[in-house]
Structure formats: structure tokens, C-alpha cells
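*Asks:* Give me coordinates for this.
(one chain, ligands or ions: 1)
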Amino acid sequence: MNHNPLNKQGKSVKQRVFSGIQPTGNIHIGNYLAAIRRWADLQSDYENIFCVVDLHAITIPQDPQTLKVKNREVAALLFAAGIDPKLSSVFIQSHISAHSELAWILNCFIPIGWLRRMTQFKEKSKKQDEVITMGLFDYPALMAADILLYATDLVPVGDDQKQHVELTRDVAQRFNSMYGETFKLPESITPDIGGRIMGLSDPSKKMSKSDTKSENSIFLLDSPDVIRSKVMRATTDSMREIRFDKNRPSINNLLTIYELFSRKGRVEIEAQFEGKGYAYFKNALADEIVENLRPLQVRYYQLMDDFSYIDGLLKDGSLKVEPIAVKTLDEVKEKIGLG
Ligand code: AQP
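*Replies:* Below is the predicted model of the structure:
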């Protein structure tokens, strides 16, 4: 769906899309289907900015060497998945210091009760064995800064990030009401289907990069054999019919993954598997995932042969967008009397 408005001359003005991904763990098919693939599908209709959010990553402990490597790997995966540097700017969050600066300022406008309500904080802090930091609590303020710095119109995310975009709107409105029109109010766009892909072995939990059980997730760089083995071992139920049914979370999740990769309709899928067993369906699902990920994996390994090319694209991305961020930050500082 193209949301672009018309200008005074009746020409469509491209709206700006912003979204981010953390360089934590391995990128999985939930990140891909709900976020990365949609960013690639949407990019010709919009002006796009995508960010590898390493400052968000350090809200939980990270190994410094691994984090540096992951930044480049995640960027390469975005390009391999079809993000086109001619249509989209991609950069590393910590390379533009305005993100940290605006996050601090927004901290001073976000009532603490708003952050206490964030479900992602509650979930992530439960999983933490180590100390829970202020950074994890404050994750939504940094995300608000990311989005607001670029006068973003649309934020394509999975369901788990929707609440953070709502908080972003709330803090923008609060600031605007105190200091006059400053921030554009962004809208989240979440997928109608697959906004929350669930774990394969535990369909009560969302698929997650930081999940310690690797069998719960299919990673974009898993080999065909690993994908097949994870799919064949995925939890199912004791019923036989292969039908979309929210009350049967395991099969519903696998069918949703099949639906998104095959891009077929539900009626066609149910007809295709009528009277067939789970093993037959799982084989077809594994084939579909393997074939969809194959070209992405080939492109990824080609790109990773030349680090300087990826680093150059990231540099170009930050050079292009930094002036937008600095302009917003300067305006905010001026309004609140800093500097
Ligand atoms: N299971 C999921 N289903 C659909 N979308 C998902 N996203 C994450 N998990 C699922 C979406 O992927 C984008 C990038 O996510 P992120 O890097 O910002 O981190 P996250 O939301 O915290 O995702 P993870 O995979 O669970 O990472 P970790 O374990 O590191 O916290 C976002 O648009 C997100 O909605």
C-alpha cells in the first residue's frame, strides 16, 4: 500500500520510512519476514533509512569483538536481502552521535511510568541473568530518538515493536505541545500476517535472536540440512488436519511461515495439504524456506568477500542522512535552551 501524499502540484511526494535492526545473535526468519523483506519490498515507493542499531544491542551484555563483526554482517544481510543502496540509506547507529544526544534529551521528557508499561522491557528483563541496566529500561527512548531525528513518516516493524512506536508518538506530541511543532508524528506499519513469528519448538514464545535454544529459530544463514532438520523436529499437535487455526499454535505458526515464503493464499495451501501428513507438509515447508533463502545466502557470501565495499556503503549511508539528524537535533537544542 502506498501512503504517499500529493504536493501542491498534484505530484506524489515520497514519505520517509525508518526502521532498525539489532546486531545481536543471528538474524532469523521472523526478523526477515516481518521486517527486512518488507523493507525491501516497500523501498521503491518511499525514501528509506535503515539502521543497524548497535547502541540498542549494548542494552544487554555484548562481546566487543563480536559486536563489531556483527554490525558488518547484519548490514551485508540487509543488502543481500534486497535492500538497494540506490533506494535506501543504511548506516550504523553509533556512527551518528545525534542518536545518543537526542535520546538523552527525550529522557527528560518521558515520564517514567510510560517506560514501566513497556512489555518488551518486562520480557527482556525476565530473560536477563545479569544485572538489568538503565539502558535496557531506556531502550524505547533511544528508539524514539532514532525515529524522530529523521522526521519519519512510517516505521515498518514486527508486532513486538509497535508499543515503542506509540511511545515515540506520545513523546513527540508532548514535546510539540510544550515547544511548538518540532517532531513529525510517525506511524508504525505492521504486517497483517506474521507480525510475530513464534518459536519452532516452543510456539508460545516469539522467535528471537537471543534465544539460547537454537532449534527454536531458523536463521537466515542456516544451511539447507540444518533448516530441514529444525523444521522436521518442530513441535506439532496430536491432530491430523493441516489447517490454519489460531487455537492450534504450532501448526498455525508453521503454516503462516509457509504462507509467507510461498506467497500462496490460505485456501490454496489448505487444498494442497488436504489428506497429507505432517511429514509431507514439513518437507514442503523446508523446501520452500531453503529455496527462498538460497539466493540471499549466495549474495551474502559474495558481499562478505569484500569488507571494504560494505563499509563504503555504510559510510555513504551515514554521510547522506547525518545532516538530517543534525538539523533536527540543533532545532531541539535551540528550543530547549541548550548551547
Ligand atoms: N518473532 C518475530 N516475528 C516477527 N517479527 C519479529 N521481529 C523480531 N522478532 C520477530 C522484528 O524484527 C525487527 C528487528 O528486530 P530487533 O533486532 O529490533 O530486535 P527484537 O525486536 O528484540 O527481535 P529479536 O529477534 O527478539 O532480537 P533479540 O533477541 O536480540 O531481542 C523488528 O521490527 C522486530 O519487530
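*Asks:* Distance-wise, check the residue nearest to Met198 when sequence neighbours are not counted relative to the ligand.
*Replies:* Ranked by Cβ to Cβ, 6 or more residues apart in numbering and with sequence neighbours excluded, the top spatial neighbour of Met198 is Asn253, at 4.4 Å. C-beta here means a position set from N, CA and C on the backbone, and glycine is covered the same way. Distance of Asn253 to the ligand, computed by Cβ to the nearest ligand atom, to the nearest Å: 10 Å.
*Asks:* Same question for His164.
*Replies:* According to Cβ to the nearest ligand atom, His164 and the ligand sit 9 Å apart.
*Asks:* Surely that residue is in contact with Met118?
*Replies:* Yes. When contacts are counted by Cβ atoms under 8 Å, His164 is listed as touching Met118 (7.1 Å).
*Asks:* between the two, who's got more neighbours?
*Replies:* Set side by side, His164 and Met118 show more neighbours around His164, with 23 against 18, by other Cβ atoms under 10 Å.
*Asks:* Quick check: the gap between that one and Asp330.
*Replies:* When distances are taken as Cβ to Cβ, to the nearest Å, His164 and Asp330 turn out to be 25 Å apart.
*Asks:* So, low pLDDT: which residues of the stretch 1-150 of the chain?
*Replies:* Within the stretch 1-150 of the chain, the stretches falling below the threshold (pLDDT under 70) are 1-4, 6-12.
*Asks:* What degree of burial does Thr212 show, as a neighbour count?
*Replies:* If you count neighbours by other Cβ under 10 Å, Thr212 ends up with 8.
*Asks:* Please read the previous query as pertaining to Ile336.
*Replies:* Under the neighbour criterion other Cβ under 10 Å, Ile336 is assigned a count of 15.
*Asks:* mind checking how far the residue nearest to Met198 is from Lys206?
*Replies:* Note on Asn253: its distance to Lys206, by Cβ to Cβ, is 10 Å.
*Asks:* Next: Asp153.
*Replies:* From Asp153 across to Lys206, the span is 27 Å (Cβ to Cβ).
*Asks:* got it, and Val17?
*Replies:* The separation that Val17 has from Lys206, given Cβ to Cβ, amounts to 23 Å.
*Asks:* For those two, indicate the residue with more neighbours.
*Replies:* Set side by side, Val17 and Lys206 show unequal neighbour counts under other Cβ under 10 Å, the larger going to Val17 at 25 against 21.
*Asks:* quick one, what contacts the more buried one?
*Replies:* By Cβ atoms under 8 Å, 6 or more residues apart in numbering, the residues touching Val17 are Trp39, Leu42, Gln43, Tyr46, Glu47, Asn48, Ile49, Thr152, Asp153, Leu154, Val155, Pro156.
*Asks:* hang on, it in a helix?
*Replies:* No. Read with DSSP: H, G, I helix; E, B strand; the rest coil, Val17 is strand and lies in no helix.
*Asks:* if I pick the residue of the stretch 51-200 of the chain found nearest the ligand, what's in contact with it?
*Replies:* Per Cβ to the nearest ligand atom, Gly158 is where the stretch 51-200 of the chain lies closest to the ligand, at 2.5 Å. Taking Cβ under 8 Å, 6+ apart as the contact definition, Gly158 lies against Gly30, Asn31, Ala34, Ala35, Thr190, Pro191, Gly195, Arg196, Ile197.
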